[in-house]
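Engineer: coords please:
(2 chains)
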Amino acid sequence: MSAALAFTSVSMEFPGVKALDDVSFAVRAGSIHALMGENGAGKSTLLKILSGAYTPTAGSLVLGGTPRAFHDTADALAAGIAVIYQELHLVPEMTVAENLYLGHLPQKFGLVDRRALAAAARQQLDLIGESIDPNTKLGRLSLGQRQMVEIAKALSRGARVIAFDEPTSSLSDREVRRLFTIIRELRDRGCAILYVSHRMEEIFTLCDRITILRDGHHVETADLATLTRDTVVQRMVGRKLADIYNYSPRPAAGPGLTVENLTGPGLAEPCSFRVAAGEIFGFFGLIGAGRSELLKLLFGAAPATGGRITLDGRELALSSPRAAIEAGVVLCPEDRKKEGIVPVRSVLENINLSARRRRARAGIFLDETWEQSNARERSEQLRVKTPSVRQLIRNLSGGNQQKVILGRWLSETVKVILLDEPTRGIDVGAKSEIYGIMQDLARAGVCVIVVSSELPEVLGVSDRIAVMRQGRIAAILDRADAAEEKLLKLALPLETTLAS
Amino acid sequence: MSSASAASPSARQPIADFLDRAGMLVVLAILFLGCSVFVENFLSWRNMQGLALAVSMTGMVACTMLFCLAAGDFDLSIGSVVACAGVLAAVVMNRSESITLGVLAGLTLGALVGATNGYVVAKLRINALITTLATMQIVRGFGFIISDGKAVGIGLEDFFSLGSSDLLGVPTPVWITAGCFAVFGFILNRTVFGRDTLAVGGNSEAAHLAGIAVNRVKIAIFTAQGVMAAFAGIVLASRITSGQPNTSQGFELEVISACVLGGVSLTGGVGSMAFVIAGVLIMGIVQNAMNLLNVPTFYQYVARGLILLAAVLFDRWKRRRV
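Structural biologist: Numbers count the residues shown, from 1 in each chain, chains lettered A, B, ... in the order given. The predicted structure is shown next:
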């Protein structure tokens, strides 16, 4: 069997992060090739290179024996590569036929030739046995049907390599089975299929071969028949890093935070848990498992629809972030750029953004002396690397921006700190410093709640770990009981029975 | 905002650094000197008085427009509020024979319009362009309705001193405008409200998650904007001794132009009173010089547009160097 597609020594570097490091593997024509790895292992980056959205910083893509470099997605498409993403790239206001031929609609005298368009679309849809009327508005179709349109579109462009990124995440069982039938047909016609999914069941039902990535490195490419689920999970996580977590146990310093039957947007079931004062409580789960939503509820940034939150025995009414901050509950949000920093303002202003309200004279006039000294003290305490506190925060690196946000909260009286992916996109040195700050806060009696998609991080910093899956808390484990495989198994979506 | 912008400021040339901080103040200084030398009568006391009076209204309203822009919004309804508040004040004064009641009526109208704008923009989350475009027309229409489309002459002569008296040779409206510059400049720089305004404009989500009451800040800004525009309308009515329902069409664009010319960012989060003063004065000086040089009105429009375009291009160029 020939390799339809090969990655040879592909590396992809972003400022401060190496997303892919010397990755090589081949995908055979006429096979379905699974691509697995944890969040952040490099799967998405690999797909983006395949689709032409990124150009690798080293190495190349070999297509049918010739090395290729794509400059944009149109390039990749022309070379016969189609990537079908979770969020489909279709226009809901246009018809199915228009979507299929977007960019090269059949024309007659400079006008769109409607009849030719409908006929060509009909033919394409027939090829995959789909009976949708090509003149339906795409917005009327179910997600499964839209995916079929996307596949038909890929085929209409002569795609020989088709990659699927978590294609079943929002499909019904029936639609999943239909999708699998089509994917098998495509394989039998000689297409090379790259299939990215977290769902072990699907991988073992559908795929012939598998490539496992970890931390941007290639771990293994093998026939699936030679592997078991357990070995796949082990290879996905099996890594030993030097201890940058500096973990040491601390005694509980008080009752802390109790959450009982909390419900709200993003949660499928009422959530209950306790975090003692001085404890570091981790939340692990896949992206979209409801962890960020839970933190938003605890911070009053999203409306809870029920449940009770008590802090040191007193019930909290968290109606807004402001109320939460006044009660001592603070949040470092997941998306620093969009929700954390005010990019066009200085480090000083970003640090004092919240605490200045209480420090103002008569609640109105800024206390400039305090502003200066607080900004200096916090940036020294957290070792923020900046030429001056007057520097615009957007000129700082991600790690330093995160420290500024931590500094914002250290300027307040904190009882509970919610950290959402606190080290995402941050280099190892700054990561380790941030872990240190978390330990210090816990030692000072703060409840530290940390959400992370990085298994080693959750395991490294937490006293206890809650695993979330599809909007509910699947389990809460003690540090001693938590192992990587166990957490990952708990986090993966419940397996649906797939009759093939 | 490029994701990888880690340029250290020390790497930049001192000239660019200076331009960045001084902004349009440099341009203002050069323009002023140039006009003093090359334009006859420009530097005369009479002309200076006229110039200051001409920019006083733009200046007043630009103070609150600065807050609007800094918070990431803008307000198109101010021209209509100026006209309608003037007309309403005139009508109420004539009916009640009371200056106080007339002024209060005008200011209340401004506050109501502003609060409505703020509520719709902040709470109902309608785009400021659409919202204030709508109120702009509603309020303009309201002005025509209460005046029956005609100018309303004011019978209380004491009222005229607001617009036409002077102190130490400087017209009262100019003093008022200078006062506004000082007060609003102080609010922007030295109060929590001012800093919160910039944070809301810089990133409203981050501001919200830092406990800033974003909606309250926005509603307060729009309300202040409405009151300020109404006040300017009342001063104008006093100067021209009547309420004119037709006046100040396009005034909103003049004010926004002046702010942007000075370097206030349309996307929010960046702005200072010095920028606004510079912008207002540059606009005023150009207009004044063109009048003195007998440039026909039609050409003046073209010149003003070109200057605004040049200013924003200069701003973009400056930013790209960072």
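
Engineer: which positions in the helix or strand containing B:Gly34 come out as buried?
Structural biologist: Using DSSP states H and E, B:Gly34 sits within helix B:24-38. For helix B:24-38, burial by neighbour count (16 or more other CB atoms under 10 Å in any protein chain shown) applies to B:24-25, B:27-28, B:31-32, B:35. Backbone N, C-alpha and C define where each C-beta goes, glycine included.

Engineer: what is it packed up against?
Structural biologist: Taking 3 or more CB pairs under 8 Å, 6 or more residues apart in numbering or on different chains; DSSP states H and E as contact, the helices and strands that helix B:24-38 lies on are helix B:273-292.

Engineer: elements contacting the helix or strand that the helix it packs on is followed by?
Structural biologist: Sequence-wise, the next helix or strand downstream of helix B:273-292 (DSSP H and E) is helix B:297-321. Using 3+ CB pairs under 8 Å, 6+ apart, the elements in contact with helix B:297-321 are helix B:14-22, helix B:251-262, helix B:273-292.

Engineer: which other residues reach the second one?
Structural biologist: The list of residues contacting helix B:251-262 from outside it, by CB atoms under 8 Å, 6 or more residues apart in numbering or on different chains, reads B:23-24, B:57-58, B:61-62, B:65-66, B:69, B:74-79, B:82, B:136, B:266, B:271, B:274-280, B:282-283, B:304, B:307-308, B:311-312.

Engineer: quick check: which of the helices and strands packed on helix B:297-321 is buried the most?
Structural biologist: Highest mean neighbour count among the helices and strands packed on helix B:297-321 (mean count of other CB atoms under 10 Å in any protein chain shown): helix B:251-262, with a mean of 25.

Engineer: the inter-axis angle of that one versus helix B:297-321?
Structural biologist: Computed with axes from the mean of the first three to the mean of the last three CA atoms, to 10 degrees, the direction of helix B:251-262 lies at 40 degrees from that of helix B:297-321.

Engineer: could you check how far helix B:251-262 is from the centre of its chain?
Structural biologist: Relative to the centre of its chain, helix B:251-262 is centred 7 Å away, using CA atoms, centre = their mean, to the nearest Å.

Engineer: residue in the stretch 401-500 of chain A with the shortest distance to chain B?
Structural biologist: Closest residue of the stretch 401-500 of chain A to chain B, CB to the nearest CB: A:Arg408 (6.7 Å).

Engineer: average pLDDT for the helix or strand that contains that residue?
Structural biologist: If you go by DSSP H and E, A:Arg408 is part of helix A:398-410. For helix A:398-410, the mean pLDDT works out to 92.

Engineer: got the contact list for the helix or strand just after that helix?
Structural biologist: Once the chain leaves helix A:398-410, the next helix or strand it forms, by DSSP H and E, is strand A:416-420. Here strand A:416-420 makes contact (CB under 8 Å, 6+ apart) with A:256-257, A:275, A:291-292, A:295, A:298-299, A:311, A:328-334, A:409, A:438, A:441, A:446-451.

Engineer: in its sheet, what does strand A:416-420 sit against?
Structural biologist: Strand pairing for strand A:416-420, using DSSP bridges, gives strand A:329-332 (parallel), strand A:447-452 (parallel).

Engineer: show me what the helix or strand just after the shortest one is packed against.
Structural biologist: Going back to what we said before, that points to strand A:329-332. With elements assigned by DSSP H and E, the helix or strand that comes after strand A:329-332 is helix A:347-352. The contact analysis (3+ CB pairs under 8 Å, 6+ apart) places helix A:347-352 against helix A:368-381, helix A:398-410, helix B:192-202.

Engineer: okay if I get these as TSV plus mean neighbour count?
Structural biologist: Compiled in TSV, those are given as follows (neighbours: other CB atoms under 10 Å in any protein chain shown):
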stretch	mean neighbour count
helix A:368-381	16
helix A:398-410	25
helix B:192-202	25
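
Engineer: could you find the closest non-adjacent residue to residue 154?
Structural biologist: No chain specified, so I'll use chain A. A:Ala82 (3.4 Å; CB to CB, 6 or more residues apart in numbering or on different chains).

Engineer: should've been chain B
Structural biologist: Closest residue to B:Ile154 apart from its sequence neighbours, by CB to CB, 6+ apart: B:Ala90 at 4.9 Å.

Engineer: one step back: rank the helices and strands packed on helix B:297-321 by mean pLDDT and give me the bottom one.
Structural biologist: Of all these, helix B:14-22 carries the lowest average pLDDT, namely a mean of 66.
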